[in-house]
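J.: Fold the following.
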Amino acid sequence: MTITYLIEALDYYFQNERHVYVSGDLLIYYEKNHPQKSVAPDVFVVLGIPKRNRDIYQTWVEGKAPDVVIEIASPTTYHKDEQIKPELYQRLGVKEYFQYDPTGDYLPLPLSGRKLDDQGQYQTLATQTLTDGTLIIASDILRLELRLEDDELRVFDPNTKEYLLTYYEEADARRLAEKQAMLERKRKEWAQREALLERQKAEQAQQQAEQEHQRSQKLAEQLRALGFNPDDICE
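T.: Numbers count the residues shown, from 1 in each chain. Modelled structure (predicted):
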């Protein structure tokens, strides 16, 4: 599921950043004493606040709104995502707002983004399309890229040139790498064993040849001692 991947991948990526909070589908209250004034982004990231579990998010308690929000379009939410939430997020000071339409049925573009300018107004972020059709939007706040490749949204680290993995994906990849490394060690061990056997066979063959040569020499000496020429006998 895209939401689960985004939350887990970003949380794992920022695991050592004590003041980066990643969450999603969590109620954000943005006006004190007005509980109806709330919104629940699919995915959001806040820089500069402690990393801890929260049941709700109150902007006046935390001191700020999220820095980055990602919304996944659906039949029941796409209208708010496109018409209402941009105005709200702009007013709250959400620096970057991204939208993803998994089916391409609800939004003008499958992947789009906006960023606050110096006047506090959203401006459309530029997109890039690779030769294979991958759509890219960069997040200056996160220093990462959202990439839509083969209809799958993933987060890409331009520094490592790798896609972000969740903890479980990382664990699976590590186990696979360890298994491959073990198989490679076993392959090398078998190759070394085969090479050793080949050397032993070659050494045995050489020893046998030397023994045969020594026996031939000894027989030739015995024949000479009896007055026979070994060369005449061979002929």
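J.: what is the rounded mean pLDDT of the top helix by length along the chain?
T.: Ranked by residue count under DSSP state H, the longest helix found in the chain is helix 167-225. For helix 167-225, mean pLDDT is 78.
J.: Mind giving me the packing neighbours of it?
T.: When contacts are defined as 3 or more CB pairs under 8 Å, 6 or more residues apart in numbering; DSSP states H and E, helix 167-225 packs onto helix 2-13, helix 230-234. Using the backbone N, CA and C atoms, a C-beta is placed for each residue, glycine as well.
J.: which of these has the lowest average pLDDT?
T.: Least confident of these, judged by mean pLDDT, is helix 230-234 with a mean of 67.
J.: how's this structure carved up into domains?
T.: Annotated domains of the chain cover 2-165, 174-234 [automatic domain parsing].
J.: Most tightly packed of those?
T.: domain 2-165 (a mean of 16; mean count of other CB atoms under 10 Å).
J.: Endpoints of it, how far apart?
T.: Across domain 2-165, the terminal residues are separated by 12 Å (CA to CA, to the nearest Å).
J.: circling back to that earlier point, can you give me the angle the longest helix of the chain makes with helix 2-13?
T.: 70 degrees (axes from the mean of the first three to the mean of the last three CA atoms, to 10 degrees).
J.: all numbers from here: first residue = 685
T.: Sure, I'll start numbering at 685, so the last one becomes helix 851-909.
J.: ok now helix 851-909, how far from the chain's centre?
T.: Offset of helix 851-909 from its chain centre (CA atoms, centre = their mean, to the nearest Å): 40 Å.
J.: Could you do stretch 780-791 as well?
T.: Stretch 780-791 has its C-alpha centroid displaced from the chain centroid by 23 Å (CA atoms, centre = their mean).
J.: From Q898, how far off is A886?
T.: A886 sits 19 Å away from Q898, going by CB to CB, to the nearest Å.
J.: for S758, same thing?
T.: From S758 to Q898 the distance is 89 Å (CB to CB).
J.: What of P842?
T.: P842 sits 72 Å away from Q898, taking CB to CB as the criterion.
J.: again, but for L819
T.: From L819 across to Q898, the span is 79 Å (CB to CB).
J.: Okay, and Y705 sits in which element?
T.: Assigned by DSSP states H and E, Y705 belongs to strand 704-707.
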